[in-house]
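*Asks:* model this:
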Amino acid sequence: MPATQAKWLTPATKMGLSIAIATGLYGISFGALSIAAGLNLWQTVALSALMFTGGSQFAFIGVISGGGAASAAFSAASLLGIRNAVYGMQIKQTLRPTPRWVPWMAQVTIDESTAVSLGQSDIAEKKRGFFTAGVGVYVLWNLFTLVGALLGERMGDPAAWGLDGAAVAAFIGLLWPRLKATEPVLIALAAAVVTAIAVPLTAPGLPILITAACAALYAVFTAKRAPSATEHGDLQSVNVDEREKP
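*Replies:* Numbering: from 1, shown residues only. As a prediction, this is how the structure comes out:
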């Protein structure tokens, strides 16, 4: 293998490419479902190119297909897209991009690019992972959205092709290596249970927000209970002083 190729094909880029392929293929499902919901070819293509956040896009067409108004669909999509703003703050703090790169990076700041980037320990690998996953997903998602829209209803139920599970498999692939302690496993199980309960009871797009709110409450609760580093140091000093007393 040439040295330049070996340098480029790092663990971060391999992970980014695999995530891009799995998530990109899921775009076929979105394209077909969007046409079935009543959007035309160009509306479907524009939704992927401009909105470009899978969860929000599915929430949008979910409301439309259920007979909801465009304003309601936009509201559901916007609420679900709030998480990308949080991702953007994390990526900006971690990668420190120059101002001219911020708008371009914002467009590809999604679940996959953020997860691949933050999952690396080296700053160079973080950048490779972010751009490989972000740009890769953008290109393939839009390409396969077009394919799915062209096929439309002729391809039948997208679930029959197994495409509805591609993104889930990708996220499990990212999550699995991190489940090495009891607490992350319990958090993952709790999130799955909350989501499973919320899906049949709430509107499309809300289950993930409910689960995120529960996770935020848990983080706040545990942060309040955990002693700070200063308090911990003070306790150690007190213990040392007590031991030194005659």
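*Asks:* mean confidence for the helix ranked longest in the chain?
*Replies:* If you go by DSSP state H, the chain has its longest helix at helix 123-151. Computed over helix 123-151, the mean pLDDT rounds to 93.
*Asks:* okay, buried residues for it please.
*Replies:* Neighbour-count burial for helix 123-151, with 16 or more other Cβ atoms under 10 Å as criterion, is recorded at 125-138, 140-146, 148-150. C-beta: built from backbone N, CA, C; applies to glycine.
*Asks:* so how far is it from its chain's centroid?
*Replies:* Centroid separation for helix 123-151 versus its chain: 13 Å, with Cα atoms, centre = their mean, to the nearest Å.
*Asks:* what of stretch 71-84?
*Replies:* Per Cα atoms, centre = their mean, the centroid offset for stretch 71-84 relative to its chain is 15 Å.
*Asks:* list the buried residues for that stretch?
*Replies:* Buried residues in stretch 71-84, counted by 16+ other Cβ under 10 Å: 73, 74, 75, 76, 77, 79, 80, 81, 83, 84.
*Asks:* spatially central residue for this protein, please.
*Replies:* Computing the C-alpha centroid of the chain and ranking residues by Cα atoms, centre = their mean puts residue 111 first, at 2.0 Å.
*Asks:* hang on, isn't that residue packed against residue 86?
*Replies:* No - assessed by Cβ atoms under 8 Å, residue 111 is found out of contact with residue 86, at 10.9 Å.
*Asks:* what does the helix or strand where residue 103 lies contact?
*Replies:* According to DSSP states H and E, residue 103 maps onto helix 102-107. Here helix 102-107 makes contact (Cβ atoms under 8 Å, 6 or more residues apart in numbering) with 52, 88, 91, 92, 95, 97, 130, 134, 138.
*Asks:* this completes my enquiry, with thanks.
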